[in-house]
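J.: Structure of the sequence below:
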Amino acid sequence: MELQTPQGVLYYQVSGKGQPLLLLHGNGEDHTIFDRAVALLKERFCVYAIDSRGHGRSFPVEEYHYSDMAEDIRCFIETLGLEKPLLCGFSDGGILGLLLAAHYPALLGGVVACGANTRPEGIRPGWLTLFRLMYRFNRSPLFRLMLTEPDITPGQLGAIACPVLITGGSRDMISRRHLEEIAANIPGAKLMRLPGETHSSYITKGEVLARIVNGFADGL
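T.: This is a model prediction of the structure:
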């Protein structure tokens, strides 16, 4: 399905019935990363799996900024009249969830931020060095985004009023200390560490992500 925003058309797929749940993918991906999870989550939720701007079948862009991407999702929620949807975002999608919750406290019913960071330095040094080297060769605007953004302050995290769960794998490219810092700065937020999981492994394992989201919803 497609939704027209002031900036362009966002592509999304909707499945199931029930409480609205938005799924937001990471950098360079599209909504299909959640296919296995959607098959399980649609039994309980009305799931909206969205392609971010410049990704998948949504409108193309030459330059990326998390603030613009977050505004796309705000427009999506308001245009469809979704009442306090839950949002589960992976990596860049988690960043968008945190930005929306910080800037629009009444918009979301809760956020599950999987492998999100609030500044580039939250990425482990080895990974950050690799991304810098790759950017030297490909000059990809998506790599530039990761290397220069986001910049979410502790004060902004402190303004978040909805329930939040921060998740990360024990082998995540986001450092454990950074994930702990994010959770500590959000009032009432919880942190879940997943033993043996990488940055994305528990996302592609649909049953693991579905269990996380269902458990979060059970606690609201």
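J.: hey, where'd the helices end up in this structure?
T.: 35-41, 66-80, 92-103, 125-138, 141-148, 154-158, 176-185, 201-204, 206-218 (DSSP state H).
J.: Save those as JSON lines, and put in mean pLDDT too.
T.: Formatted as JSON lines, the helices of the chain follow (pLDDT from 0 to 100):
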{"stretch": "helix 35-41", "mean pLDDT": "98"}
{"stretch": "helix 66-80", "mean pLDDT": "98"}
{"stretch": "helix 92-103", "mean pLDDT": "98"}
{"stretch": "helix 125-138", "mean pLDDT": "97"}
{"stretch": "helix 141-148", "mean pLDDT": "98"}
{"stretch": "helix 154-158", "mean pLDDT": "98"}
{"stretch": "helix 176-185", "mean pLDDT": "98"}
{"stretch": "helix 201-204", "mean pLDDT": "97"}
{"stretch": "helix 206-218", "mean pLDDT": "97"}
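J.: and of these, who's closest to Arg57?
T.: helix 66-80 (13.8 Å; CB to CB). Where you see a C-beta, it was placed from the backbone N, CA and C, and this is true even at glycine.
J.: List of residues touching the closest one?
T.: 3, 5-7, 10, 12, 22, 24, 48, 50, 52-53, 85, 87, 92, 95-96, 99-100, 103-104, 107, 145, 149-150 (CB atoms under 8 Å, 6 or more residues apart in numbering).
J.: Okay, buried residues for it please.
T.: By 16 or more other CB atoms under 10 Å, the buried positions in helix 66-80 come out as 66, 69-77.
J.: Kindly report the same for stretch 80-95.
T.: For stretch 80-95, by 16+ other CB under 10 Å, it's 82, 85-95.
J.: now stretch 178-187
T.: Across stretch 178-187, burial judged by 16+ other CB under 10 Å covers 178-179, 181-183, 185-186.
J.: Just give me the neighbour total for the closest residue to Phe34 other than its chain neighbours.
T.: Of all residues not flanking Phe34 in the chain, Leu23 sits nearest, at 4.7 Å (CB to CB, 6 or more residues apart in numbering). Leu23: 28 surrounding residues under other CB atoms under 10 Å.
J.: Quick check: beta-bridge partners of Leu23?
T.: Judged by DSSP bridges, the bridge partners of Leu23 are Ala49, Cys88.
J.: Looking at Ala113 now. What's its pLDDT?
T.: With respect to pLDDT, Ala113 has a value of 99.
J.: Sweet, I'm off.
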